[in-house]
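Trainee: From the sequence below, what's the structure:
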Amino acid sequence: MSRVKHEYVRYWENEGTLVIDCKTCGFIHVDPIPTRSDLNSYYSSKYYSEVKPFKYEDVDEAFVVQKLEEVSSNGSYKGIFQRVNRLLPAEKSTPLKMLDIGCGNDLLSKYYINHHWNTSVIEPNSDAAEYLRKFGITVHQQFAEELGSLRLDNLSFVNIQFVLEHIADPTELLRQVYEAMAPGGVLRICVPNDFSVGQLAYQEYYEEKFHWIVRPDHINYFSFTTLSGLLRKCGFEEKYRTTNFPLEFFLLGGHNYYSNEVDKKMVNPFVRQFQHAFIKTGRWDKLAKLYESLAAIEMGRSIFMFAVKR
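Mentor: Okay, here's the model as predicted:
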């Protein structure tokens, strides 16, 4: 994608980083785009030590046993599994195969193994890859863009969770995914909802920085509309969208969790209590409807989108 001439009118600048609303690509991204070699070096060694630190040295047998119990009872995994099964065609290709691309430390693939799917993951980071293997997960330790070299086929479900924002050429990756999937296969994409209406209202009202521009790891910035358009361009049809708690509400209300440590410490407990109040009182369905309604107007902190291969 870096060799393409990127046409744009609207753009933003933040601390020396140029971000463009690219008409050529159909979504917002930095310009210039980092080289593949720079990105590979960063994610293979630094990402899980500097950006999302994880204490791999603390992973012992007891830790693994506890995590396995958590996987079995994980409500989020169960919800994903049920939605994927509802979206798959009645005549499914067998065996059912799942691929998780760039999952890091997430164990969704283990949930699928527990339900007798043929499952593997792509994870470039050596520490994360070794961690996943401790749970009996087949790991392809390589970069997402090298998917084609694996010669995978007839995938029933592909999960790409908070990866597309980091990829130099998301269009090419999605085209490789399309080729590896079975007809009617399900694709789940999760990305941050950046440059949203709420974020821009906050930035303009408070005359703040574009705090969500994160270098060097965030290259692309998607909205619900642009992600759906990219999926359509690559041969997929959107079937479902939702979001999570709209953190922009904190920002709009004057709680700048980006730069104020007191506000930052307040966020997770508030969101957790907010959601538990619905879940623990048997109103999960209302919370789900709330998040679906926010997604319909392109608000909420993250984008969760399911699509099928046309």
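Trainee: Select the longest strand from the chain.
Mentor: strand 181-192 (DSSP state E).
Trainee: and it, what does it pack onto?
Mentor: helix 75-87, strand 155-161, helix 224-233, strand 302-309 (3 or more CB pairs under 8 Å, 6 or more residues apart in numbering; DSSP states H and E). Bear in mind the C-beta positions are built from the backbone N, C-alpha and C, glycine included.
Trainee: That strand pairs with which strands, and in what direction?
Mentor: Strand 181-192 pairs in its sheet with strand 155-161 (parallel), strand 302-309 (antiparallel), by DSSP bridges.
Trainee: quick one: Arg83 and Arg241 touch, right?
Mentor: No: in this structure, Arg83 is not within contact of Arg241 by CB atoms under 8 Å, at 11.5 Å.
Trainee: what sits in contact with each of those two?
Mentor: Residues touching both Arg83 and Arg241 (CB atoms under 8 Å, 6 or more residues apart in numbering) are Phe306.
Trainee: what about the two, which has more around it?
Mentor: Arg241 (20 against 17; other CB atoms under 10 Å).
Trainee: how close does the more buried one get to Ile113?
Mentor: Distance, Arg241 to Ile113, by CB to CB, to the nearest Å: 27 Å.
Trainee: follow-up on the earlier one: could you point out which of the helices and strands packed on strand 181-192 sits nearest Tyr8?
Mentor: helix 224-233 (13.1 Å; CB to CB).
Trainee: what comes up buried for the following helix or strand past that closest one?
Mentor: Sequence order places strand 236-242 as the next helix or strand after helix 224-233, per DSSP states H and E. Counting neighbours by 16 or more other CB atoms under 10 Å, one finds that the buried residues in strand 236-242 are 236, 238, 240-242.
Trainee: between the helices and strands packed on strand 181-192, which one is nearest to Asn118?
Mentor: In terms of CB to CB, the element of those nearest to Asn118 is strand 155-161, at 8.9 Å.
Trainee: As a check, name the ranges of all strands in the stretch 1-150 of the chain.
Mentor: Taking DSSP state E, counting those that start in this stretch as the criterion, the stretch 1-150 of the chain carries its strands at 8-14, 17-22, 27-30, 97-101, 118-122, 138-140.
Trainee: so of these, which one's packed in deepest?
Mentor: strand 97-101 (a mean of 25; mean count of other CB atoms under 10 Å).
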